[in-house]
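**Student:** dropping a prediction and its sequence here:
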Amino acid sequence: MKNYSVSHLTKKIQADISLPSSKSISNRALILNHFYELNIDLQNLSEADDTAIMLNALKQNAGIINLKNAGTCMRFLTAYFACKENCEVELHGDERMQKRPIKILVEALKELGADITYLNEEGFPPLKIKGKKLSGGNISINADISSQFISALMLVAPSFESGLNIKLNGEIFSHSYIEMTAKLMIKFGFDVSFNGSELAIIKSSNHQIIHSLTHSLTHSLPHSFTVEPDWSAASYWYEIAALSNSCNILLKGLHMESLQGDEIISDLMSDFGVETIHHDEGILLQKNHQIINTTITSSEVDKHQINLASTPDLLPALAVTATAKNSSAKFTGLKNLRIKESDRLNALETELKKCGFDVAIEKDTLKINPVFNFQFSTFNFNTYNDHRMAMAFAPLALIFDKVEIENADVVEKSYPHFWNDLKKAGFEISLAK
């Protein structure tokens, strides 16, 4: 476990950055390609830990599989192995994973005929799964906990004899990730429709078993598919741009025509002085000097209310930016952030209060008020074993003398070269004493 000391002498950022590939797209593409034997050449796959865990798990058909704290892998693979005939596996995880609920997905799969058993506490991993052919049909599922439950069902639905119709109940959280799954499946030749509250996935015609699906889709299958750079990772560079004195940051290969809903960060960060410029090689981030010093007063907080129910992974970068810019802000739609790699609401409130910022949780809302006399000094940040906490707190080196990040290696989960990229941008990084 490494603790890093992070600082930046000039607060001026000049860098060309190659972002990591999207692990969300990578893991979905891997499930589809492997389960249906599509033989699509997947290029630019994520090198993150979560994707390495997925790749390893897909090679197995029996025994104990340790998914550590990879939530996407646990949800997707629960559905995958439940529908994979003649397999018997146990899906385990670390201590945090055993506190992350999965009952909604398991009960939905059981309703469809799956054979899944809780090995410890009901509703939580670890799980024992005996794979079998499922018939599909109609199902109703609560959509206000995790979109990954829904995506997991979508990814295996084309193997069902009757396809699958899913009715989504309640407020739909992480809506953009359901859309990502649907769009990717359509690109891979599957018949998927999504009207906002209902999903329909149809089994392709002229095939009786999974392995023949490839032949029935040949007319529409791509020969290769290149995974996009990760817009969630881009959010930390938008944060860096917002907190810098000046910047010229090229995010290579990133484009607005994306499967990822997190591209909305380009609009949201414009309020904090970051201008997004389209470039032949990607996207260029610069400062908009007309609003660079604008501070939103408490009387204007309602104008700066942002609902992140569809894109919750953007909260860490946005919340830290708002506090550091001494702005009022109110972030809503955050219910499912308590069951991520950490309780992200509590983590952000606790760590930002260390700096003297006025941050408060009201139910599933994070509220930030301006503090006009906070001290510029050195602060130590706990990451709670959460990659997004580490990446969100590190840019505070642009407003403080120095920050120290505990358990800095946790970024391996999604952005393995994050610290090297910060060095390219002029950050000084060393082992904390």
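**Tutor:** Looks like it came in fine. Numbers count the residues shown, from 1 in each chain.

**Student:** pull the contacting residues for Asn307.
**Tutor:** 331-333 (C-beta atoms under 8 Å, 6 or more residues apart in numbering). All C-beta atoms are positioned from the backbone trio N, CA, C, and that covers glycine.

**Student:** can you pick the most crowded of the residues you listed?
**Tutor:** Of all the contacts of Asn307, the highest neighbour tally under other C-beta atoms under 10 Å goes to Phe331, namely 24 neighbours.

**Student:** the helix or strand that Asn380 is a member of: what's the following helix or strand?
**Tutor:** Per DSSP states H and E: Asn380 is located in strand 378-381. With elements assigned by DSSP H and E, the helix or strand that comes after strand 378-381 is helix 387-393.

**Student:** any idea which helix or strand comes after that following helix?
**Tutor:** Using DSSP H and E, the helix or strand that follows helix 387-393 in sequence is strand 402-405.

**Student:** could you check the helix or strand just after that following strand and say which residues are buried?
**Tutor:** Per DSSP H and E, the first helix or strand lying C-terminal to strand 402-405 is helix 418-424. Residues of helix 418-424 classed as buried: 418-419, 421-422 (neighbour count, 16 or more other C-beta atoms under 10 Å).

**Student:** just the buried positions in the helix or strand harbouring Leu268, please.
**Tutor:** Here Leu268 sits within helix 265-268, counting by DSSP H and E. Neighbour-count burial for helix 265-268, counted by 16+ other C-beta under 10 Å, picks out 265-266, 268.

**Student:** helix/strand/coil for Gly196?
**Tutor:** Recorded secondary structure, Gly196: coil (DSSP: H, G, I helix; E, B strand; the rest coil).

**Student:** might one say that Phe400 is in contact with Asn380?
**Tutor:** No: in this structure Phe400 lies outside contact range of Asn380 using C-beta atoms under 8 Å: 10.9 Å.

**Student:** and the two? which has more neighbours close in?
**Tutor:** Phe400 (18 against 15).

**Student:** where does that one land on pLDDT?
**Tutor:** Looking at Phe400, its pLDDT reads 92.

**Student:** which residues does it contact?
**Tutor:** Contact partners of Phe400, counting by C-beta under 8 Å, 6+ apart, are 355, 376-379.

**Student:** helices and strands of the protein: which one bottoms out on pLDDT?
**Tutor:** When each helix and strand of the chain is scored by mean pLDDT, DSSP states H and E, helix 213-217 comes last, with a mean of 43.

**Student:** pLDDT below threshold where in this protein?
**Tutor:** 204-220, 289-303, 337-340, 372-376 (pLDDT under 70).

**Student:** where exactly do the helices run in it?
**Tutor:** Here the chain has its helices, by DSSP state H, at 23-35, 49-58, 71-82, 103-111, 147-156, 175-187, 213-217, 231-243, 265-268, 315-324, 344-354, 387-393, 418-424.

**Student:** can you redo those as JSON lines with distance to Ser140?
**Tutor:** Formatted as JSON lines, the helices of the chain follow (distance: least, C-beta to C-beta, whole Å):
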{"stretch": "helix 23-35", "distance to Ser140": "23"}
{"stretch": "helix 49-58", "distance to Ser140": "28"}
{"stretch": "helix 71-82", "distance to Ser140": "16"}
{"stretch": "helix 103-111", "distance to Ser140": "9"}
{"stretch": "helix 147-156", "distance to Ser140": "11"}
{"stretch": "helix 175-187", "distance to Ser140": "15"}
{"stretch": "helix 213-217", "distance to Ser140": "26"}
{"stretch": "helix 231-243", "distance to Ser140": "30"}
{"stretch": "helix 265-268", "distance to Ser140": "33"}
{"stretch": "helix 315-324", "distance to Ser140": "29"}
{"stretch": "helix 344-354", "distance to Ser140": "28"}
{"stretch": "helix 387-393", "distance to Ser140": "31"}
{"stretch": "helix 418-424", "distance to Ser140": "40"}
